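# Give the three-dimensional model of this entry:
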Amino acid sequence: AIQKMRETIKLVLVVVILCLIGESNAVTYPLSLWSLQSSSFINATGEQITKITYDDKGWYPIIAPATVIAGLIQNSVIQDPFFGLNLQDIETTQFDVPWWYRSVIDIPIEASGSSIIITFKGINYKANVWFNGVQIGNVTDIIGPFRYFDFDLTSLANFGGDNNVLAVEIYRPHDRALPSPNNDTDLAITFVDWSPSPPDSNMGLWQEVVVSIIGPVSVRYPMVDTKLTEDLTKAYLTIMAELSSSSNISVSGVLTCEIPDMQIVITTQVTIPPYSTLQVFFSNKTYEELNVENPKLWWPLQINSSSHLHDIVLTFALQSGDVSDSLTASFGIREMTSILDENGHRLYKVNGKQILIRGAGWSPDLFQRVDPVRLSYEFFYMIDMGLNTVRLEGKMESDLFFEYSDALGIMTMPGWCCCDAWQNWDHWGPDQFVIAKESMRTQLKRLRIHPSVLVFMYSSDELPPVSVEKEYLDVVSSEYWPNPVISSANIWNSTITGPSGVKMSGPYSWVPPVYWLIDTDQYGGAYGFLTEGGPGQAPMPLESFVLTVP
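Coordinates of the predicted model:
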């Protein structure tokens, strides 16, 4: 079944790529077809593995993104891990060695003259990267599951046919929440005490790998910042995008911003120095079109029946008129703000309207698998529960997750995890500071376009040291994050940003419903902003019991 799916994906991709190249100079697509194998069974170097003549017979064919265990499940090497004691019976030592991912890439002859850029959106935890016999990434630099890594493959690429090979040698992280305390410093993914830990620690290509066939300049990471008048009759928009050049000479051209349903088309001339990145702005002070009368606003669920979304198209054209790159994204016209009330409790407002946060904590699939159909069911489950918000504690979800959030009006509260290496600041060295800061940068850049994002929580249970908080806030400022941030999910007072205004008093077990109505000042019931708490463990429904217990 997995082989038939791979053949279908390959055929569709080839047709789509050729069609898109015929229409435009800019094509981006996911690299889904990979082979997987443990280094224990490989007697070859990265240089040899990335030769087209290398025989990967005996490797497991997988569809990525997939952690190592997810890939083994695809091949029925591991049976249903949620049944009986199957999860416990998985031998963990097999993941103490690196695992290899290998993919053959078809770069059509029609792409000659273009730049070939590959983007890894999630490698857990560190990796050596090879392409066509040449090492292009090293474990000393390619570290951290929440960072994006780009590689320019143009000079090494073979144009015309299936004759390019990419391989990634991935090492697992060592990051535990339990036992606590511990000295782990790999800033990775943990499930704390929410569930058993995945035996492979989610090692592998856990998020997409994307191939871009573009000109010398890419267009990425858009942002639309909104300021509204009090009566909501006018919106002042500021738009920003990031342009990156892979050229060894300065490149000049025109960046065009279009919002089709608002009949907005604006342009600006840009010159990008060699091998550099620029943030390019369209300000409402310069472009009158961005002062929008009677805007159609994005609202969260339960406030308004409409979570209105607009499309924005950003295109960079060279002086010749050729399109170097173009992106289309959805955004919402909305303004997220936060204040402390007279009691020092945190309040949030959307478009100036105070909202009651009805939220819950989110836990993804234990092996980071994304099923669009299942995910849609989970979102409607949240809606049926009367929720309007979900907190992502150290679980930076897929792009699809945030697209669903935007469309359905479910607000999100992403942030870093408690209890593991993300809070082991006393044991951090220079590497951890870099990984943490660049992880923050990647996530703010990718999330700033999404109207559903309410706030980023850059720590959970503890208040980060001043040195760490300053690093995070530097990224917030330099990346023009348009939403609130908060220093902790607990009742701490930062010397930089002041009181958090929130609490995590629990409870973590069942209490009588009246607790949430009459306790107004003592135990943590009917007052303030509670970032976590709930009824605790609950019996399985019969359907889950039958699927889990022998």
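# Backbone dihedrals for residue 170, both of them.
Note on residue 170: its backbone torsions stand at phi -110, psi 140 [degrees, to the nearest 10].
# What's the local residue count around it?
Look at residue 170: counted by other C-beta atoms under 10 Å, it has 25 neighbours. Yep, even glycine has a C-beta here, placed from its N, CA and C like the rest.
# Tell me who's in contact with it.
By C-beta atoms under 8 Å, 6 or more residues apart in numbering, residue 170 lies in contact with 68, 98-101, 123-127, 203-205.
# So which of those residues wins on neighbours?
With neighbours taken as other C-beta under 10 Å, the top of the contacts of residue 170 is residue 204, carrying 32 neighbours.
# distance of it from residue 92?
Plainly put, residue 204 is 15 Å away from residue 92 if you go by C-beta to C-beta, to the nearest Å.
# Likewise for residue 507?
Separation of residue 507 from residue 92 (C-beta to C-beta) stands at 34 Å.
# ditto for residue 163
Distance from residue 163 to residue 92, by C-beta to C-beta: 38 Å.
# Narrow the contacts of residue 170 to those in strands?
When DSSP state E is applied, these are split such that 99-101, 123-124, 126-127, 204-205 fall in strands.
# thinking again about what came up before, closest one of the contacts of residue 170 to residue 318?
Among these, residue 123 lies closest to residue 318 (C-beta to C-beta), at 32.0 Å.
# any chance you could map the helices in this protein?
Secondary structure of the chain (DSSP state H): helices located at 2-23, 46-49, 68-74, 372-384, 399-408, 430-447, 466-478, 515-518, 542-548.
# ranking those by burial, who's on top?
Among these, ranked by average contacts under mean count of other C-beta atoms under 10 Å, first place goes to helix 68-74 (a mean of 24).
# Not counting its own residues, what contacts it?
Contact partners of helix 68-74, identified using C-beta under 8 Å, 6+ apart, comprise 2, 34, 36, 60, 62-64, 66, 78, 81, 90, 95, 99, 170, 198-200, 203-204, 367-369.
# Now go through those residues and say which are in strands.
Under the assignment DSSP E, these contribute 34, 36, 60, 62-63, 66, 99, 170, 204 to strands.
# Save the residues you listed as JSON lines, and put in pLDDT too.
As requested, the ones in strands among the contacts of helix 68-74 are arranged in JSON lines below (pLDDT from 0 to 100):
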{"residue": "34", "pLDDT": "97"}
{"residue": "36", "pLDDT": "98"}
{"residue": "60", "pLDDT": "97"}
{"residue": "62", "pLDDT": "97"}
{"residue": "63", "pLDDT": "96"}
{"residue": "66", "pLDDT": "98"}
{"residue": "99", "pLDDT": "98"}
{"residue": "170", "pLDDT": "98"}
{"residue": "204", "pLDDT": "98"}
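# worst-scoring helix or strand of this structure, pLDDT-wise?
Using mean pLDDT, DSSP states H and E, helix 2-23 stands out as the lowest-scoring helix or strand of the chain, at a mean of 53.
# For residue 510, which non-adjacent residue is closest in space?
Among residues not flanking residue 510 along the chain, residue 535 sits closest, at 4.6 Å (C-beta to C-beta, 6 or more residues apart in numbering).
# Next, the contact list for the one you found, please.
Residue 535 sits next to 509-511 when contact means C-beta under 8 Å, 6+ apart.
# what pLDDT, on average, does stretch 41-50 get?
Average pLDDT, stretch 41-50: 97.
# Restrict it to CA atoms and write it as CSV.
The C-alpha trace of stretch 41-50 is given here as CSV (Å, rounded to 0.1, in the frame of the first residue of the first chain):
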residue,chain,number,x,y,z
PHE,A,41,22.6,-1.6,8.9
ILE,A,42,24.5,0.8,6.5
ASN,A,43,28.1,0.4,5.6
ALA,A,44,28.4,3.5,3.5
THR,A,45,29.3,7.2,3.8
GLY,A,46,27.0,10.2,3.1
GLU,A,47,29.0,10.7,-0.1
GLN,A,48,28.3,7.2,-1.3
ILE,A,49,24.6,7.2,-0.2
THR,A,50,24.0,10.4,-2.2
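# what's in contact with that stretch?
Contacts with stretch 41-50, where a contact means C-beta under 8 Å, 6+ apart, come from 54, 56, 58, 100, 102, 128, 130-135, 165-167, 169.
# Of these, select the buried ones using a ChimeraX command.
Those of the contacts of stretch 41-50 that count as buried under 16 or more other C-beta atoms under 10 Å are selected in ChimeraX with:
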select :54,56,100,102,128,130,131,132,133,165,166,167,169
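# State the pair within the contacts of stretch 41-50 that is farthest apart.
By the measure C-beta to C-beta, 58 and 134 form the most distant pair in these, at 24.6 Å.
# low-scoring stretches of the stretch 101-250 of the chain, by residue?
Counting by pLDDT under 70, the stretch 101-250 of the chain shows no low-confidence range.
# can you rerun that using 90?
110, 160-162, 175-184, 193-195 (pLDDT under 90).
# all strands in it, in order from the N-terminus.
Secondary structure of the stretch 101-250 of the chain (DSSP state E, counting those that start in this stretch): strands located at 115-120, 123-124, 126-131, 134-137, 149-152, 162-171, 204-205, 209-214, 217-228, 234-245.
# packing partners for the second one?
Packing contacts for strand 123-124, counted by 3 or more C-beta pairs under 8 Å, 6 or more residues apart in numbering; DSSP states H and E, involve strand 162-171, strand 204-205.
# Now tabulate these in CSV and tack on distance to residue 248.
Formatted as CSV, the helices and strands packed on strand 123-124 follow (distance: least, C-beta to C-beta, whole Å):
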stretch, distance to residue 248
strand 162-171, 22
strand 204-205, 30
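# Could you pull up the residues touching the closest residue to residue 368 other than its chain neighbours?
Among residues not flanking residue 368 along the chain, residue 206 sits closest, at 4.6 Å (C-beta to C-beta, 6+ apart). Residue 206 is in contact with 65-67, 122-124, 145, 189, 368, counting by C-beta under 8 Å, 6+ apart.
# repeat that for 6 Å
Contacts of residue 206 were listed using C-beta atoms under 6 Å, 6 or more residues apart in numbering, and they are 65, 67, 122, 124, 368.
# rewinding a little: so between residue 507 and residue 92, which is more surrounded?
residue 507 (15 against 12).
# excluding its backbone neighbours, what's nearest the more buried one?
In space, and not counting its chain neighbours, residue 507 is closest to residue 533: 5.8 Å by C-beta to C-beta, 6+ apart.
# what's the one you found sitting at in phi/psi?
Reported as degrees, to the nearest 10, the phi and psi values for residue 533 are phi 160, psi 160.
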